[in-house]
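1. Below are the sequence and a predicted model; questions follow.
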Amino acid sequence: MNPFDVVKQRMQVHGSTYTSIADCARTVYRNEGFGAFYISYPTTLAMTIPFTAIQFAAYDSLSKVLNPRKKYDPLSHCVAGGLAGAFGAALTTPLDVIKTLLQTRGTARDERIRNCKGLLDAAKIIHDKGGVRGFFRGLQPRVVTTMPSTAICW
């Protein structure tokens, strides 16, 4: 996670008025201060560590089932890797939703979201607005985009 992930996320928001990355970064800094670039960093760590652990465990288990002889087989590596990534992505989606809320809070019209201070505050907002289902918004796109990259990595 680098500070420009916040900038990238904000530029992808529908109706973004930023003309460039530099324009977005200047505006974020001017309006929210330096801390805005790192507001989602703890959440990113809280998401990435379990994602990686789940991915490794799932890959190990799936590769034993798909390739019990442990012979080199690119297809079984790709299938196990893709499915492992899907499991990791699905199970860590709630943290990704929290991270996205934090990264885009500066563009929110809702005052509560604009003033969100961190992971727990964001989680409360998401739960209040969407219940448990709110934590799984974007599950399918996240899984679908993660599968090919993890398949290739393995």
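-> Happy to help now that I have it.

2. Point to the residue nearest the middle of the chain.
-> Centroid check for the chain by CA atoms, centre = their mean gives Asp96 as the closest residue, at 3.6 Å.

3. residue ranges with poor pLDDT in the chain?
-> 1-15 (pLDDT under 70).

4. One more pass at 80, please.
-> 1-18, 154 (pLDDT under 80).

5. What are the phi and psi values at the residue nearest to Leu102 when sequence neighbours are not counted?
-> In this structure, Leu102 finds its nearest non-sequential neighbour in Ser40, 4.0 Å apart by CB to CB, 6 or more residues apart in numbering. From N, CA and C alone the C-beta is placed, and that goes for glycine too. Backbone torsions of Ser40, given as degrees, to the nearest 10, read phi -100, psi 0.

6. how close does Ser40 sit to Pro141?
-> Using CB to CB, to the nearest Å, Ser40 is found at 19 Å from Pro141.

7. Look at those two and report which has more neighbours.
-> Neighbours per residue (other CB atoms under 10 Å) separate Ser40 from Pro141, with Ser40 holding more: 27 against 11.

8. ok, now how distant is the more buried one from Ala122?
-> In this view, Ser40 and Ala122 are 9 Å apart by CB to CB.

9. and Arg69, how many residues sit next to it?
-> By the criterion of other CB under 10 Å, Arg69 has 6 neighbours.

10. Now do the helices in the chain.
-> 4-11, 21-32, 41-66, 74-104, 111-114, 119-130, 139-153 (DSSP state H).

11. So which elements touch the second one?
-> The criterion is 3 or more CB pairs under 8 Å, 6 or more residues apart in numbering; DSSP states H and E, and the helices and strands that helix 21-32 contacts are helix 4-11.

12. Domain boundaries for the chain, per the record?
-> 1-38, 48-153 (automatic domain parsing).
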